[in-house]
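A.B. asks: Next comes the sequence, and after it the predicted model I'd like to discuss.
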Amino acid sequence: MSVLFDILLTASFWAAAVRIASPLIFATMGELICERAGVLNLGIEGIMVIGAFSGWMAVYLGMGLWGGVAVAMLAGMLFGLLHATLTVPFGLSQHVVGLGVTLLATSTSYFAYRLILPEVTSPPKIEPFQALEIPYLADIPLLGPALFAQTPLTYAAFAVVGLTALTLYRTPLGLAIRAAGESPQAVAAQGLSVTGLRMGAVIVGSGLMAVGGSFLTLSAFSSFFFEMVNGRGWICIALVVFGAWKPGKAMLGALLFAGFDALQIRLQQTPIGQIVPYQVFLMAPYILSILALILMSRRAQVPAALMVPFNKGER
Amino acid sequence: MRLEPIANPGLARSLGFPALALAATVLVASLLAALAGANPLLTLGLVIKGAAGSKFALLETLNRATPLIFTGLAIAVAFRAKLWNIGAEAQLYGGAIVTVVLGTSALSGMGGFALPVVALAAMVAGALILLGPVMLKTRFGVDEVVTTLLFNFIMLLLVSYLLEGPMKDPMGMGWPKSAPLDKALRLPRIATGLRLHWGFGLALIAAGVVWFVQTRTTLGYEMRAVGLNSQAARFAGIPVNLVLVKTALLSGGLAALAGFSEVAGLKGHLSLDLSPGFGYTGIIVAMLALLHPLGVVVTAIFVAGIFVGADSMSRAAGVPTYIADMLLATALLLMVLAIGLTKFRVVRG
Amino acid sequence: MEAQEVVLRLSRITKRFGALTANDAISLTLHRGEVIALLGENGAGKTTLMNILFGQYTADDGTVEAFGAPLPPGNPRAALAAGLGMVHQHFTLADNLTVLENIQLGTAPLWRLGLGRVTARAKLARLAADFGLGVDPDALVGSLTVGERQRVEILKALYRDARILILDEPTAVLTPQESDALFETLRRAVETGLSVIFISHKLHEVMALSSRVLVLRHGRLVGEVATAETDKHALAALMVGAEVSAPAVAPAVAGPALLTLRDASTRNQGAAPGLKSVSLELRAGQITGLAGVSGNGQSALSDLISGLTQLQSGSLDVAGAQVKWTPRAAVASGIARIPEDRHKTGTIADFSLTENAILETYNQAPYSRHGIMDWQAAEAHTRNLITTYDVRCPGPSGPIRQLSGGNMQKLILGRVLELSPKIILANQPVRGLDIGAITYVHSRLLAARDAGAAVLLISEDLDEIMGLSDVIHVISEGRLSPEFARGEQSAAELGLWMAGQGFADAA
C-alpha cells in the first residue's frame, strides 16, 4: 500500500497523468463530435497516426510547431472528408469504411515516411513543445505541475473540451448536431442538411483526432515511430462510451484512464514490477477500456441514429 | 443528391462498378509509383514478375496466401452474420500458441497422427478467444468491434510475455522465440521438392467447407438471416444469440487455423512477427471477395501476390513496400463504394 | 364570408417513382382562413404531395405558389420561410432534446453564438396559451406521450409563424377525445387567419372539420366538393372508386378458449408500456378485436403472444405450450403470427421469396434434414404458396424486396396459414395496403375463423375492429378493458375507453 501512496504523492505522477490524457482528450472529443452527429468514426486510429506523422514531418521539414499542428489537423480533416463522403451521402458501412480509412491513413504515413527518409534507421528528432509554466500557480504542491506546467498543446486540449461542450449545448449549431445524431428526420424537416452537418462533424472531429496524434510527436516524444499510436484510437472510442457522449464526462474518463496508465508505468519500477511481468502492466489500458465498456453498457444513452445512414426522400 | 435503391441491378452494373474500382486502384498505384520516382509501368511489371514471374515466386505467393485464406474466411463468415470480428489477429496467435504448446509436448510422440488433434485444439483456442467479445455483445450489448480490436493488443502482449518467459527457446540465443516444433508435427509439403506446405491444401478444403455450410446447411441459412435482418430472424424463431455464438466459434476457429498453419507449415516456431497483420488484411481479402468463401481463395492469392510482388519490386525499384498496404486499403474503400453503387443509384433531388 | 385571398396554389404537380406515378397533375388552391381536407386511401399520393410542397421531394412537373410568389422546388427552408408549417404523420422530433430545444431547432442561423432561450421561452409560452397547447418546455421529448408530442409539432409550426398549417393523418395516434381537442385548436387557428390542409382517410373527421374536400385516388385528383354539399357515402365512393359495403360478417359460434392470459404483466419497453395484469381469452371460431390508440400496449401483447417476451407475472396458457416461451415455441403451439411491420419483422428484404417462405419452418423436414437444407422442397412449397395465395411476383427466387406491400403480406399469410394454425395473431394486418389486398386479407381471416381458428385482430382503425370482430377489447396504457360483444358499444363509447376512462385505477 505504501508503494501506492508514495506514487500518488509525487507531483510527477499527476503531471504525467495529465500529459498522457492530452492526446486522448483531443481524439475523444473528435470521436464524440462524430458520434453525436450519428457517425461512428473507426478511422480514428489511422487518423491519429497521420496526425502524428504529418505534424512531425512538417516541423522536421522546417515549419514551426504550431504550423505542424495545423498540418496535422488538415491531414486529419482530409481523411475525415474521405470517411464522411463514403459514409454520409453514400451511406456505406461505417465499420468497414472506418477500418479502411485507418488502414489507408496508416499505410500512407508509413509510405510517405519511407519516401522522404529512405535510409534512416533511427528516426530524427525535432525540438518539441516545451512546458509553459503559469507563474505562481505552477508552484501549488502536487496540482501545480500537473495543471499549470504543461505544454501549450495540453492547455489547448482542455480548451477544446470547453469549446466542444459550449458548441454542443449552447449554440444552434450544436443543437442541430445533437439532433442529427438522434433524429435526422427532425433536422431535415427544418430544411437543415443532415448530410452537411454530419460531414462537417466528421471532418472537424477527424481534425481533432489528428491533433491528438500530433501531440505524441510534437509534445510527448520528439520523433515519429511506427506503431506509436498503439491502439490509443480504439481506447478513445471506449472513452466516448464511458463518458456517455458528454464532453465533460469523457474528459474525466480520459484523465482517470491516464491516471491508471501513469500508475502502471510507475508500478513497474517498484518491487511489484519485479514480480509481475511488464506485459501485464502494458495490458492494463486495454483491459480497462473493455471494463469501461461493460460498465457503461447498460446505462449509456447511445445517440439513437448512430450508425444509421440518412437518405433524404426515402420512402 | 440522394440514393435510390435499385431493385434489379443489371449485370453491367454489378460487374461494371467493381471492375472500375480495380481499375481505379491500379491508377492510384501508378500515381504512387510515379511519386516515388519510379516508372509506373515498370513498377507494375516488377510487381507481377515478383509475384508470379517464376515457379519460386508463385509458390511464395501461395505460401503467403495460405494464412490470408484462413483469416479471410474467418472474416467472411463473421461479417456475413454482421458479427464484426476485427480480432482475427488475436485468434491467429491463440491458434499459434496452442500449436507450439502441443507441438513441443508429449504429443509429438504420436507423430503425424497428432496433427489433426493439434489443429482442432488450435481451433478451439481461437474460437474461445472470439467467444469473449461475442458474449459481451449478446449479454451486455458491448460493440464487438472495439473489444475484438483491443483483444489484439492484449494477445500480442501475452505472446510477448510467453516468448520472454515460459515458452522461451533455451537454445534461441536470447531471441524472443519459442522452441521449434517437433519434426513429426510439421505439416508436410504437398509434393516433394515443391516449397508449398499442406496448410494451403487445408485452406482450400476450409473454403469448400465454409461454402457448403453457408449455402447448404440450416446454420448457413441462420447466419445469413441474422446478418441481413436480425429483428426478422428473431421474430421467426431463429435463436439469434446462439447463431452469433456458433458464428463466432467458426470464425475464431478459422482464424486460429492461420496460426496453426504458419507455425506447423512454414515457420516451425512462434515469434512476435509470426503475423505481419494477417488478421487485418483478412478484412480486405473478405471484402474484395464480397464475402464469398470461394472468392476469398482468389482474392487471398491476389492480395498475397501484391505483397510478395511489392517486396521484390521494392528491392529493385526503390519504392517503399508500404505501397502494397496503401493499394489494398484503397482497393477496399473503392470496392465498398462499388458494391454500394450496385445497390443504389445516385439521383438528383 | 367574402371571396378570400388565395394563399397557396399547386398547379399540375406530377411525381413519379420509377414506374409508379404517385402524383398525376394535381392542382389545388387554398384560401385564407379555410380548412380543406385531402382525402384518400393509403398510397393515394397524399403524403407524396405534401412532401413535394415541403421540398422533401422535387416534383417532376408542376409549380407551387405561396402567397402569390412561386416556391422554389426541393427547398424545405424556402417552404418554411414562406409560412408553411407541417405536422408529419411520423413526428420529426429528437428524443434527446427538450421541448424548447426541439422547437428552436433550425430557427436561428447555425453559426450564431448562444441560443436565446429566454426570448424563445416567452414566445412559446404565449403561443401555448393562445392556442390551448399546454406542454412543459423543459421536458425531454422522449418522455412525452404521443398526444403531447403532437402538440409540440404544432407549436413548432406556429413558432415559425406558419400561416398555412398542414397536418398529415394527425388523428391516427390520438384518442377520439384528444382528436376533439386538436380540432378545437385548429378552429382557433383558423379564426386568427391561418389556413389548414388536413390529410386523412377518416370520413367523419373530414366531415366535421373541413369546408372543402379534395379526394385523391391512385395519384389523381378525382373529386373536389364543398363539405356542406356531400356526405360520407359519396366521399367513400369517390375515395375507393365504387360504393363500398362492409363485408357481411356472419355471427360466429364461439368454441373453447385456445389461449388464455390471466393477470399477465410484462415489463415496459422503454417508453412503450408493458401489460398491466391483463386477462384475455381467445376462443375458437371467434375474432377478438383489440382497439386502442397506438403505443398503449398493443406491441407488448403482440410480443408476448409472438413469443418475443416473457411474462413478468401472471400466466399464459396455450394448449401444447412448452416450458420456455420463445417465438419457436409459439409457432410450435400453433400460433400464426402476422407481424405489425412486414418489412422489418415479417420478411428479410434481401432474401428470396423461397427463403422468406420457410423462415419459421426451415429447420424442419422437408426443408431440411440433419442440418442440411433441401432447397428443392422449399421452392416447391413457395410455388404452391404463390399460386394458392395469389402472390404476384416474378418468381420464387427473386428478392422479396421487389414485391408490393400487398403481395408481401399475402406471402406472409400463406407462410403462417399453411401450417393450419389454431390461433392467429394479426397485428395491423392491412396497414398500408390497397383496397383489393385489404379485402383479401380480411376474407382470409374470416375464413380461418370459420374453420375454427381463434383470431386476435390488433388495429388502430376502429372501423376495421368494429367491422370484423365478434368481441372487442380496448387497450390503454397496458390495461385491458372488459370484453364487449359486437355492437354492444358505440364508437364514441369505445373512444372513452381508448382515452383511458372506465378502467379501475387500481393497477
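C.D. replies: Nice, I can see it.
A.B. asks: switch to C-alpha atoms for all contacts and neighbour counts from now on
C.D. replies: Noted.
A.B. asks: for chain C, what are the nearby residues on the stretch 51-200 of chain B?
C.D. replies: Residues of the stretch 51-200 of chain B lying near chain C by C-alpha under 8 Å from any C-alpha of the partner chain: none.
A.B. asks: Check which residues of stretch C:333-350 are buried.
C.D. replies: C:333-340, C:342-350 (16 or more other C-alpha atoms under 10 Å in any protein chain shown).
A.B. asks: restrict these to contacts with chain B.
C.D. replies: Within those, those near chain B by C-alpha under 8 Å from any C-alpha are C:344-350.
A.B. asks: Let me know the closest of these to chain B.
C.D. replies: Minimum distance to chain B across those is 4.1 Å, recorded for C:Thr345 (C-alpha to the nearest C-alpha).
A.B. asks: What about the residue lying closest to the closest one once chain neighbours are set aside, how many residues nearby?
C.D. replies: Nearest residue to C:Thr345, sequence neighbours excluded (C-alpha to C-alpha, 6 or more residues apart in numbering or on different chains): B:Ala232, at 4.1 Å. Using other C-alpha atoms under 10 Å in any protein chain shown, B:Ala232 has 25 other residues around it.
A.B. asks: Show me what the helix or strand hosting B:Ala232 is packed up against.
C.D. replies: Assigning secondary structure by DSSP states H and E places B:Ala232 in helix B:230-236. Other elements packing on helix B:230-236 under the criterion 3 or more C-alpha pairs under 8 Å, 6 or more residues apart in numbering or on different chains; DSSP states H and E are helix B:218-228, helix B:240-261, helix C:327-332.
A.B. asks: re earlier: output the ones next to chain B among the buried residues of stretch C:333-350 in a markdown table; the columns should cover pLDDT and secondary structure.
C.D. replies: Formatted as a markdown table, those follow (pLDDT from 0 to 100; DSSP: H, G, I helix; E, B strand; the rest coil):
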| residue | pLDDT | secondary structure |
| --- | --- | --- |
| C:Lys344 | 91 | helix |
| C:Thr345 | 94 | helix |
| C:Gly346 | 95 | helix |
| C:Thr347 | 96 | coil |
| C:Ile348 | 96 | coil |
| C:Ala349 | 91 | coil |
| C:Asp350 | 91 | coil |
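A.B. asks: quick one, helices of the stretch 151-300 of chain A?
C.D. replies: Using DSSP state H, counting those that start in this stretch, the helices assigned to the stretch 151-300 of chain A run over residues A:152-170, A:172-182, A:184-189, A:194-215, A:232-242, A:247-267, A:271-275, A:278-297.
A.B. asks: Packed most tightly, which of those would that be?
C.D. replies: Highest mean neighbour count among these (mean count of other C-alpha atoms under 10 Å in any protein chain shown): helix A:194-215, with a mean of 30.
A.B. asks: gap between it and the chain center?
C.D. replies: 11 Å (C-alpha atoms, centre = their mean, to the nearest Å).
A.B. asks: Who are the packing partners of that helix?
C.D. replies: Partner elements for helix A:194-215 (3+ C-alpha pairs under 8 Å, 6+ apart): helix A:11-36, helix A:44-60, helix A:65-87, helix A:172-182, helix A:184-189.
A.B. asks: Mean pLDDT added to those helices, as JSON lines?
C.D. replies: Shown next, in JSON lines, are those (pLDDT from 0 to 100):
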{"stretch": "helix A:11-36", "mean pLDDT": "95"}
{"stretch": "helix A:44-60", "mean pLDDT": "97"}
{"stretch": "helix A:65-87", "mean pLDDT": "97"}
{"stretch": "helix A:172-182", "mean pLDDT": "96"}
{"stretch": "helix A:184-189", "mean pLDDT": "91"}
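A.B. asks: Deepest-packed of those helices, please.
C.D. replies: The stretch of the helices and strands packed on helix A:194-215 with the highest mean neighbour count (mean count of other C-alpha under 10 Å) is helix A:44-60, at a mean of 31.
A.B. asks: Please export the C-alpha coordinates of it as CSV.
C.D. replies: C-alpha atoms of helix A:44-60 as CSV (Å, rounded to 0.1, in the frame of the first residue of the first chain):
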residue,chain,number,x,y,z
ILE,A,44,-9.6,7.4,-35.6
GLU,A,45,-6.6,5.1,-35.1
GLY,A,46,-5.2,5.8,-38.6
ILE,A,47,-6.1,9.5,-38.4
MET,A,48,-4.1,9.7,-35.2
VAL,A,49,-1.2,8.1,-37.0
ILE,A,50,-1.4,10.5,-39.9
GLY,A,51,-1.6,13.4,-37.4
ALA,A,52,1.5,12.2,-35.5
PHE,A,53,3.4,11.7,-38.8
SER,A,54,2.4,14.8,-40.7
GLY,A,55,2.7,17.2,-37.8
TRP,A,56,6.2,15.9,-37.1
MET,A,57,7.3,15.8,-40.7
ALA,A,58,6.1,19.4,-41.2
VAL,A,59,8.3,20.5,-38.3
TYR,A,60,11.2,18.4,-39.4
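A.B. asks: quick one: buried residues of the least confident helix or strand in chain C by mean pLDDT?
C.D. replies: None of the helices or strands of chain C scores lower by mean pLDDT, DSSP states H and E than helix C:232-240, at a mean of 77. Of all the residues in helix C:232-240, those buried under the rule 16+ other C-alpha under 10 Å are C:235-236, C:238-240.
A.B. asks: which residues make contact with it from outside it?
C.D. replies: C:39-41, C:203-204, C:207, C:215-217, C:222-223, C:242-244, C:435 (C-alpha atoms under 8 Å, 6 or more residues apart in numbering or on different chains).
A.B. asks: Pull the CA coordinates from that helix and hand them back as PDB.
C.D. replies: C-alpha atoms of helix C:232-240 as PDB (Å, rounded to 0.1, in the frame of the first residue of the first chain):
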ATOM      1  CA  LYS C 232     -69.900  10.200 -46.100                       C
ATOM      2  CA  HIS C 233     -71.200   7.700 -48.600                       C
ATOM      3  CA  ALA C 234     -70.500   9.900 -51.600                       C
ATOM      4  CA  LEU C 235     -67.000  10.600 -50.300                       C
ATOM      5  CA  ALA C 236     -66.300   7.000 -49.600                       C
ATOM      6  CA  ALA C 237     -67.400   6.200 -53.100                       C
ATOM      7  CA  LEU C 238     -65.100   8.800 -54.500                       C
ATOM      8  CA  MET C 239     -62.200   7.600 -52.400                       C
ATOM      9  CA  VAL C 240     -62.300   3.900 -53.400                       C
END
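A.B. asks: quick one: strands adjacent to the helix or strand following it?
C.D. replies: Using DSSP H and E, the helix or strand that directly follows helix C:232-240 along the chain is strand C:257-265. Here strand C:257-265 is paired, per DSSP bridges, with strand C:278-283 (antiparallel), strand C:313-318 (antiparallel).
A.B. asks: Quick check: which of the ones you listed is buried the most?
C.D. replies: strand C:278-283 (a mean of 21).
A.B. asks: just how off-centre is it within its chain?
C.D. replies: 25 Å.
A.B. asks: Can you report phi and psi for the residue lying closest to C:Ala291 once chain neighbours are set aside?
C.D. replies: Counting by C-alpha to C-alpha, 6+ apart, the nearest residue to C:Ala291 once its immediate chain neighbours are dropped is C:Val474, at 4.7 Å. As for C:Val474, its main-chain torsions (degrees, to the nearest 10) stand at phi -110, psi 140.
A.B. asks: neighbours around C:Val474, how many?
C.D. replies: 26.
A.B. asks: Tell me who's in contact with it.
C.D. replies: C:290-292, C:480-482, C:494, C:497-498.
A.B. asks: Also B:Ile48?
C.D. replies: B:305-306, B:309.
A.B. asks: Quick one: mean pLDDT over the helix or strand it falls within.
C.D. replies: B:Ile48 is part of helix B:40-52 when elements are defined by DSSP H and E. Across helix B:40-52, pLDDT averages out at 91.
A.B. asks: Counting neighbours, which bits of the very next helix or strand once past it end up buried?
C.D. replies: Tracing the chain past helix B:40-52, the next element assigned as helix or strand by DSSP H and E is helix B:55-80. Buried positions in helix B:55-80, judged by neighbour count with 16+ other C-alpha under 10 Å: B:57-80.
A.B. asks: Lovely, talk soon.
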